[in-house]
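Colleague: got a predicted model here, sequence first, then my questions.
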Amino acid sequence: MSNFELYNLETAPEAAKPLLEKSIKGFGMLPNLHAIMAESPALLDAYQKLHELAQNASFDKDELTVVWQTINVEHGCHYCVPAHTAIANMMSVDAEITEALRNQSPLKSVKLETLRDTTLLMVRNRGIVEQADIDTFYTAGFNKQNLLDIVLILAQKVMSNFTNHLAETPVDDAFQTFSWSK
């Protein structure tokens, strides 16, 4: 059992309080991940910044969901898969995409499947990807910025996935309906 604290606005370290207020404003609630990250205000700050950058990266909502969930599923994150399922629903991502990602089944779109394959290669090979695979990625309609934006999102997901593994973050009530395990 984890011994990490779920902080709130009253109990959090002073440096984390404005960050938690930002989380509440952005999500309409305090996600348990953020409540745990408050232990390290620097981590929470970096995570929030990377989340915002990821949302404004070169991917559309479907592509962003593919990258996020591919990493979450590969890392076996019990918290982020349900959270990003809820986020995908809020962004009106097609449920078939979300379910295929959660279940590791083929995506109907060749372009999105190529994005998932490339993301998996990045995760599994720690960024070492063969030129032929990069060429396949480009042929599918992606570019160098997209490739580098996978690195950005991977950095974000390492922060959240690893924190959730260490802290055994309880899944928020708002995400319970999307519970998942590898």
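Modeller: Arrived safely.

Colleague: quickly find the element holding the residue nearest the centre of the chain.
Modeller: Geometric centre of the chain, nearest residue: residue 68, 4.1 Å, by Cα atoms, centre = their mean. Using DSSP states H and E, residue 68 sits in helix 61-74.

Colleague: quick check, distance from that helix to the centre of its chain.
Modeller: Centroid separation for helix 61-74 versus its chain: 7 Å, with Cα atoms, centre = their mean, to the nearest Å.

Colleague: what is the mean pLDDT for it?
Modeller: Averaged across helix 61-74, pLDDT comes to 98.

Colleague: list the contacts of the next helix or strand after it.
Modeller: Sequence-wise, the next helix or strand downstream of helix 61-74 (DSSP H and E) is helix 80-90. Contacting residues not belonging to helix 80-90 are listed as 31, 33, 61, 65, 68-69, 72-73, 95, 97-98, 102, 157, 160-161, 164, 171-172, 174-180 [Cβ atoms under 8 Å, 6 or more residues apart in numbering]. (Glycine included, C-beta is placed from N, CA and C.)

Colleague: now, of those residues, which are buried?
Modeller: Among those, those scoring as buried are 31, 33, 61, 65, 68-69, 72-73, 97-98, 102, 157, 160-161, 164, 171-172, 175, 178, 180 (criterion: 16 or more other Cβ atoms under 10 Å).

Colleague: of these, which belong to helices?
Modeller: 33, 61, 65, 68-69, 72-73, 97-98, 102, 157, 160-161, 164 (DSSP state H).

Colleague: dump those residues to CSV, plus distance to residue 116.
Modeller: Shown next, in CSV, are those (distance: Cβ to Cβ, whole Å):
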residue, distance to residue 116
33, 23
61, 15
65, 10
68, 11
69, 9
72, 12
73, 9
97, 10
98, 13
102, 12
157, 14
160, 19
161, 16
164, 21
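
Colleague: all set, thanks.
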